[in-house]
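# The sequence and its predicted three-dimensional model are supplied below.
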Amino acid sequence: MITYPCDYIDKGGLAVSDNARGCSGTPTWQLVVAGALDPAHVRTALADVATRFPSLRCKVRALDAADPLAARRFAYVEDPAFSVDAIFRAVDARDEAALAALVHEEQNRPLDLFTDFPVTLTLARTGDDACRLLFRQHHAIADGRAFIGLLAEFAVFLDDARAGRRPSPEALAPIHRRAELEPLGLPPVRRFGWRIAGYFNLARMIARALFRPVVPLAQNRSNDYTGDNGTVHWIVGDDVLDRWNAARKRLGVSLNSLLTAAMFAANQRRHRALGAPLGRTSSTLVMETRPRDGGFISFANHLATLDVELRLDRVDDLALMARAIQAQVDAQRRQNRPFKRLLAERALVLGMTLAQLRRIVFESKQPSYNLNFSNLIALDFPTLAGDGWRVDEVLITTPVTPRTGVALTAIRYHGRLVFNFNYKSSAASRADTEALAAELERAVAELTA
């Protein structure tokens, strides 16, 4: 029986998943397909994916308490009763209303890792020569790079099934979860030293949050997450990257810093239009811990975070915003602060019960940061296609964690950049999210003119 440890980021995924409070922690990947797909072929491909990625056959089990809320240690344990039929269904959604209802259902369907498998797939037949594949993936199970890799392998298996071929044994060789800290390759002494340094950094962050708290943005003010998950998409051809990269080189910043500055500016302008207060504003940025050579293969979360902040009541110049963000990112990278923070937070979180973590997540009196931006544009996302079918578009809805309200995820696929503005309707309305997306588009245009 396969067993994997449930690491720090995985446990964080458990903490933000509380179906009673309206949080599932489960992104929905909506693949818009040109071409008809046979449910039997899709089912076969999904079964092969479950062979290739054993994590799909696992559920979470508490190891040190009968009640998961009282537990500190968890593991992914293979369920011997796993069946592909437990994670796959095929339905008809041949008109706009039926499709909209299905997408809404998938975006908001609860997923409990203690009782459910971490990935599901719904094949929606939308026409005689069109369909959609709706993958639901609990974020505790894998990061964006890992799941994009899974989708690429699914496409190969699907083409094999349509052609009546069986994948080779090598193609079905399992890709397991590797330890969270493994890609860092830290010797024990350095790991210990970095963890101690991480504690001091966390202490400074906590002191700053207490004495110089962030000013909540409109979407940060509600701790009610019982509303629906929704997404507003801004889609643009990826040929704009030539202009955007030329602009960011002129400014001396990365594309990520340029887009982050635009996100700050979009919120600043939106709040000024609303007459809402502005002040110290913070954004959490996600970075990978995997080596850049691409040789580290693991179906898991290998991520670290860093925070950047601006005083939106004092700075208006977009170029200055981008350079200030880049300076903060560079300083934290030089000092290895994201990795030190990871080591410190990991030690603290692994020592806490799930109930304690959920109190921090759901009962906080104010936000510790305002914005959440996950930029996956740099990831290699191959076109998913085969003989007689092709995925033309990929749309993501990522459930928003409490006190964030709106989270932005950006991907590059099949000649397009897709900016997914994910919102929780009890914290931010669709109209407000659309207005924010429009402000981001204008800010990016000004930065890259």
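Yep, that arrived.

# Show the backbone phi and psi for residue 446.
phi -70, psi -40 (degrees, to the nearest 10).

# surely it meets residue 318?
Yes: assessed by Cβ atoms under 8 Å, residue 446 is found in contact with residue 318 at 5.9 Å. Where you see a C-beta, it was placed from the backbone N, CA and C, and this is true even at glycine.

# Tell me which of those two has more neighbours.
Neighbour tally, residue 446 and residue 318, criterion other Cβ atoms under 10 Å: the higher count belongs to residue 318, 20 against 13.

# what's the burial count for the nearest residue in space to residue 374 that is not next to it in sequence?
Of all residues not flanking residue 374 in the chain, residue 409 sits nearest, at 4.7 Å (Cβ to Cβ, 6 or more residues apart in numbering). Neighbour count for residue 409, taken as other Cβ under 10 Å: 21.

# ok, residue 409 touching residue 376?
Yes: because the distance of 6.8 Å satisfies Cβ under 8 Å, residue 409 is recorded as touching residue 376.

# where are the low-confidence patches of the chain?
Low-confidence segments of the chain, defined by pLDDT under 70, are absent; every residue clears the threshold.

# Show me how the record splits it into domains.
Domain assignment for the chain, taken from automatic domain parsing, gives 3-163, 213-337+361-380+401-447.

# and of the ones you listed, who's closest to residue 353?
In terms of Cβ to Cβ, the element of the domains of the chain nearest to residue 353 is domain 3-163, at 5.5 Å.

# contacts for the helix or strand harbouring the residue nearest to residue 374?
Per DSSP states H and E, residue 409 falls inside strand 406-413. For strand 406-413, contacts defined as Cβ atoms under 8 Å, 6 or more residues apart in numbering pick out 144, 219, 238, 259, 263, 371-379, 381, 383, 393-394, 396, 398, 400-401, 417-423, 427-428, 433, 436, 440.

# gap between the residue nearest to residue 374 and residue 245?
In this structure, residue 409 and residue 245 are 20 Å apart, going by Cβ to Cβ, to the nearest Å.

# Which one of the domains of the chain lies nearest to residue 347?
Taking Cβ to Cβ as the criterion, residue 347 comes closest to domain 3-163 out of the domains of the chain, the separation being 8.4 Å.

# Please state the offset of that closest one from the chain centre?
Using Cα atoms, centre = their mean, to the nearest Å, the distance from the centre of domain 3-163 to the centre of the chain it belongs to is 14 Å.

# likewise stretch 239-258?
On the basis of Cα atoms, centre = their mean, the separation between the geometric centre of stretch 239-258 and that of its chain is 23 Å.

# Endpoints of it, how far apart?
With Cα to Cα, to the nearest Å applied, stretch 239-258 spans 17 Å between its terminal residues.

# residues making contact with it?
Outside stretch 239-258, the residues within contact range by Cβ under 8 Å, 6+ apart are 261, 285, 319, 322-323, 325-326, 329, 375, 377-378, 415, 417, 444, 447-449.

# Can you mark which positions in it are buried?
For stretch 239-258, the buried set under the neighbour-count rule, 16 or more other Cβ atoms under 10 Å, comprises 241, 244, 247, 248, 251, 253, 254, 255, 256, 257, 258.

# Which ones among the residues you listed map onto helices?
When DSSP state H defines the helices, the subset of these inside them is 241, 244, 247, 248, 251, 255, 256, 257, 258.

# related to what we said a few turns ago, what about the domains of the chain, which gets the closest to residue 170?
domain 3-163 (10.6 Å).

# For that closest one, measure first residue to last.
Between where domain 3-163 begins and where it ends, there is a gap of 34 Å, by Cα to Cα.

# again, but for stretch 372-387
End-to-end distance of stretch 372-387: 39 Å, with Cα to Cα as the criterion.

# Give the buried residues for it.
Neighbour-count burial for stretch 372-387, with 16+ other Cβ under 10 Å as criterion, is recorded at 372, 373, 374, 375, 376, 377, 381, 384, 385, 386.

# And the contacts of it?
Residues from elsewhere that reach stretch 372-387, judged by Cβ under 8 Å, 6+ apart: 31, 144-145, 148, 151-152, 154-155, 158-159, 162-163, 255-256, 259-260, 263, 283-286, 390-391, 394, 398, 400-401, 404, 407-414, 417.

# Wait, residue 227 touches residue 405, no?
No: in this structure, residue 227 sits apart from residue 405 without contact. The criterion is Cβ under 8 Å, and the distance is 10.2 Å.

# Mutual contacts of the two, please.
Both residue 227 and residue 405 are in contact with 424, 427, where contact means Cβ under 8 Å, 6+ apart.

# These two: which is more packed in?
Neighbour count, other Cβ under 10 Å: between residue 227 and residue 405, residue 405 has more, with 27 against 17.

# Relative to residue 359, how far out is the nearest residue to residue 234 once chain neighbours are set aside?
Closest residue to residue 234 in three dimensions, ignoring its sequence neighbours and counting by Cβ to Cβ, 6+ apart: residue 419, at 4.2 Å. Between residue 419 and residue 359 the distance is 33 Å, computed by Cβ to Cβ.

# residues of the helix or strand residue 198 falls within that come out buried?
With elements taken from DSSP H and E, the one containing residue 198 is helix 188-211. When neighbours are counted by 16+ other Cβ under 10 Å, the buried residues of helix 188-211 are found to be 194, 195, 197, 198, 199, 201, 209.

# Which strands or helices does that helix pack on?
With contacts defined as 3 or more Cβ pairs under 8 Å, 6 or more residues apart in numbering; DSSP states H and E, the packing partners of helix 188-211 are helix 337-350.

# Can I get the next helix or strand after the helix it packs on in PDB? Just the C-alpha atoms.
Sequence order places helix 354-362 as the next helix or strand after helix 337-350, per DSSP H and E. Written as PDB, here are the backbone C-alpha positions of helix 354-362 (Å, rounded to 0.1, in the frame of the first residue of the first chain):
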ATOM      1  CA  LEU A 354      -5.700  21.100  12.300                       C
ATOM      2  CA  ALA A 355      -8.200  22.900  14.600                       C
ATOM      3  CA  GLN A 356      -5.600  25.400  15.600                       C
ATOM      4  CA  LEU A 357      -4.600  26.100  12.000                       C
ATOM      5  CA  ARG A 358      -8.300  26.600  11.000                       C
ATOM      6  CA  ARG A 359      -8.800  29.100  13.700                       C
ATOM      7  CA  ILE A 360      -5.900  31.100  12.300                       C
ATOM      8  CA  VAL A 361      -7.300  30.800   8.800                       C
ATOM      9  CA  PHE A 362     -11.000  31.500   9.500                       C
END
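
# got a list of what residue 147 touches?
The contact partners of residue 147, by Cβ under 8 Å, 6+ apart, come to 29, 135, 137.

# How about the helix or strand encompassing it, which residues are buried there?
Secondary structure assigned from DSSP H and E places residue 147 in helix 144-163. With burial defined by 16+ other Cβ under 10 Å, the residues of helix 144-163 counted as buried are 144-151, 153-162.

# Thank you kindly, that will do.
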